[in-house]
Structure formats: structure tokens, C-alpha cells
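Novice: Build me a model from this:
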Amino acid sequence: MHDRKAFLCVRVALWILLICVTSNVGIAAQSGQAPTPGLPHASTPAPPTAPVQAISGSISGTVVDQSGALVANVKITLTVQGLTSKREALSDSDGYFLFADVIPGPFQLAFSAPGFATVKQSGILQDGEHYLAPQVALVVARADIDVDVSESAAQVAEDEIKLEEKQRVLGFIPNFYVSYIPKAAPLPPRLKFQLAWKSIINPYTFGITGGIAGIEQAENSFSGYGQGAQGYAKRYGAAYADLVTGTLIGGAILPSLLKQDPRYFYKGTGSRKSRVLYAIAMSVICKGDNGHWQPDYSGILGGLAAGGISNLYYPEQNRNGVTLTFENALIGIAGGVGSNLLQEFVVRRFTPHLPPQDPPKP
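Specialist: Below you'll find the model as predicted:
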């Protein structure tokens, strides 16, 4: 459907223009006024200083044994100076742990597990910092260790999603469906629906939908809707319905049923060519909840389902039955390629407060 293809191109162009226009934000932010010559500084009262609001950060790291093998189910206790309460987390199957929403200041981590000696580690968390703790090596006392990571994986996923929900390009554009943690914990169905819901009701989503409807009205796309306020309202409703059905089906319902992860996993390493090929491939493959790469049945079938549903509310003269459904699915895949390329090469540099990436393994 050429109208939807035109909209897709305009939407991607708007993203690129938005980033280009705001690429030098903050250059003119320094506008302090110099003191007037001839006046003693002592005669000018100092303005009151506003209290500085502390910005919470996060603490993450990995736990290994003396041989360098990753250790799961290690209990990590976080104690922050000035707080009487303590927080606990368990390392996942990759030995990874994460504490989100930690107030800045001195802190101490204590690592304990059956068969290992307790290890303590101290540090200082700065405002808004994502602190990557030095790798912790536990001393093994005995080898009979029970490993049960189901609960810890869900807990780690919960903390990781809290960080992803703070990812906003330029500080205000939501960017929930990308993970900058290479070995992110799999999402349980509840978190998949949570991400989809927050994406659907985000104010930015309503604004983008309004822009789409305005472009379609100006080009008289879907002429069966007519013009005027009524025509705009119908185009707005159809565009929002497209987004809702695509997000719910392809980002929550099918990923939950098929046990697939709907997020894009940022690569960030390797040659430019390898990263381009990776971004393109991620439009048709995804990571399963088991950690293995597999065809993105959720995204592809979700696009087909959303395209089929759109035949119910688009004007009759703009419906092409099966053709429309498959055109919309192909447009969705092409849009995914463009979005992934932006995520891989552009978006990250304009997104503040990102979690640290794990160092590459030798």
C-alpha cells in the first residue's frame, strides 16, 4: 500500500531531522553575566543556592569462581551509607547481578553462597552513574552447589526493565524496546505486556500518531475518510489502532506464547559492515527466552495479524485483502531495518544515562 510506504519514509525522515536539529543542544547553555566594572563584589549579595537533587544510579557486575567460571544464585547484599535498610539480589545463570535506583554515595556489597566464603566490596556511586563493579572471584569451599536461577532471572529482568524504561532519546523520546545489556535476562510475560502498555499510552506515541494523521490528511490518503475534523479523527483512530494492534500482538501476545524477546539488542562492537548486517538481520530474527537466536515469528506474524485487522477499519476502496496484509507486513520489516540501523549507529549517542556494557571476553 503506497500510502503506508510514504508514511513510513516520512516518519523515518522526521526521526533523522529531529536528531540533526538537536545535535548541538547545550552549546549555548552558558550565558552567565560578567560582573559590572567598578562595583565591588562584596556589595552584590550572592543569590541563594538551590538544593541539588540527587540522581539515582545503578550497580551491576558479575561473579565467578577461582577458575573463572560464572557462578549463579549468589546472594549479593547492598548496603548504602546513610540507609538502615539493605537490598538483596541473586546472580543469574551468567553470574550477572544488577541493583537499579540506587542513591549516590558510599556503598558496600557482600557476596555469599553455600560452599563459598563471603566476599565484601566497597565503592562510591556518583550522581546518575551506572557503576560496573570489578569482577568478584569467590573461593570455593565445596563443590555441591544447588543452582536454581528461575527466581533470580525474573528479579534481574525486573531491574533491567526499570533501566530501559528510563531510556529516552534527547531526554524525552521513549526508547523502551532496545537493550544495551548483551546478556539481558529473558522477560516473563508480565514484563512484555508492561513494556507494550507503557509504549502505547506514552504521550510521545499520541503526538506521533497525530503527526501521521496530519500527513495523511494533507495528502488525502485514505480518501474515503473525507476531510475536515471528522476525516482527521478517523485517520487518527486508524493510525493509533495500527500501533496498538502491532505493539500488543507483535510485542506482547505472540512473544509470550512463543517465548521470544521483542527487544533489539544493541551490538556496538565489530566492523561497520558486521554491525549493518546484524541490524538488518535483527528485522527477521530475534533472541528466544532460552538465549538462542531464532526466526522472529512474533514480529512477522504480528505484522500479518495487524495488517489483516486493519482491513476492518480502513475505507473500503483502500482495502486490498490479502495484498494489503502482506504489504503491511513487508513495510513493517522494512521499517524494522531502518529503525535497527538508527539504533545501532545513531540513537545511542543521544540517549543519556545508559547502563555500562560488559567488557568483551578474550
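Novice: Mind giving me the packing neighbours of the host helix or strand of Leu163?
Specialist: According to DSSP states H and E, Leu163 maps onto helix 150-164. Here helix 150-164 touches strand 87-90, strand 96-102, strand 178-179, helix 189-200, going by 3 or more Cβ pairs under 8 Å, 6 or more residues apart in numbering; DSSP states H and E. C-beta coordinates here come from the backbone N, C-alpha and C atoms, glycine included.
Novice: Using CSV, lay out those together with distance to Phe345 and mean neighbour count.
Specialist: Formatted as CSV, the helices and strands packed on helix 150-164 follow (distance: least, Cβ to Cβ, whole Å; neighbours: other Cβ atoms under 10 Å):
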stretch, distance to Phe345, mean neighbour count
strand 87-90, 33, 18
strand 96-102, 26, 22
strand 178-179, 13, 20
helix 189-200, 22, 18
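Novice: per-residue pLDDT, Ile333?
Specialist: Here the pLDDT value assigned to Ile333 is 78.
Novice: isn't it right next to Leu304, touching?
Specialist: No: with contact defined as Cβ atoms under 8 Å, Ile333 and Leu304 do not form a contacting pair (10.7 Å).
Novice: just to revisit the earlier point, which strands or helices does the very next helix or strand once past the helix holding Leu163 pack on?
Specialist: Note on helix 150-164: by DSSP H and E, the next helix or strand toward the C-terminus is strand 168-169. On a contact count with 3+ Cβ pairs under 8 Å, 6+ apart, strand 168-169 meets no helix or strand.
Novice: quick one: the helix holding Leu163 to helix 189-200, angle?
Specialist: For helix 150-164 against helix 189-200, the angle by axes from the mean of the first three to the mean of the last three Cα atoms, to 10 degrees is 10 degrees.
Novice: Touching helix 150-164 from outside, list them.
Specialist: Contact with helix 150-164 is made by 58, 72-73, 89-93, 96-101, 130, 176, 178-179, 181, 184-188, 191, 194-195, 263, 355, as judged by Cβ atoms under 8 Å, 6 or more residues apart in numbering.
Novice: now stretch 276-294
Specialist: Here stretch 276-294 has contacts from 183, 186-187, 259-265, 267, 270, 295-296, 298-300, 333-334, 336-337, 340-341, 343-345, using Cβ under 8 Å, 6+ apart.
Novice: what about that stretch, start to end distance?
Specialist: Stretch 276-294 stretches 19 Å from its first residue to its last (Cα to Cα, to the nearest Å).
Novice: next one: stretch 182-191
Specialist: End to end - Cα to Cα - stretch 182-191 spans 18 Å.
Novice: Would you mind pulling the contact partners of it?
Specialist: Under Cβ under 8 Å, 6+ apart, the answer for stretch 182-191 is 92, 94, 96, 153-154, 156-158, 160-161, 195, 252, 255-256, 259, 261, 263, 265, 289-291, 357-358.
Novice: Now do the buried residues in that stretch.
Specialist: For stretch 182-191, the neighbour count (16 or more other Cβ atoms under 10 Å) marks 183-188, 191 as buried.
Novice: So for these, which is the shakiest by pLDDT?
Specialist: Ranked by pLDDT, those bottom out at Lys183, which has 82.
Novice: re earlier: take the helices and strands packed on helix 150-164 and write them to TSV, including distance to Gly226.
Specialist: Shown next, in TSV, are the helices and strands packed on helix 150-164 (distance: least, Cβ to Cβ, whole Å):
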stretch	distance to Gly226
strand 87-90	57
strand 96-102	49
strand 178-179	38
helix 189-200	27
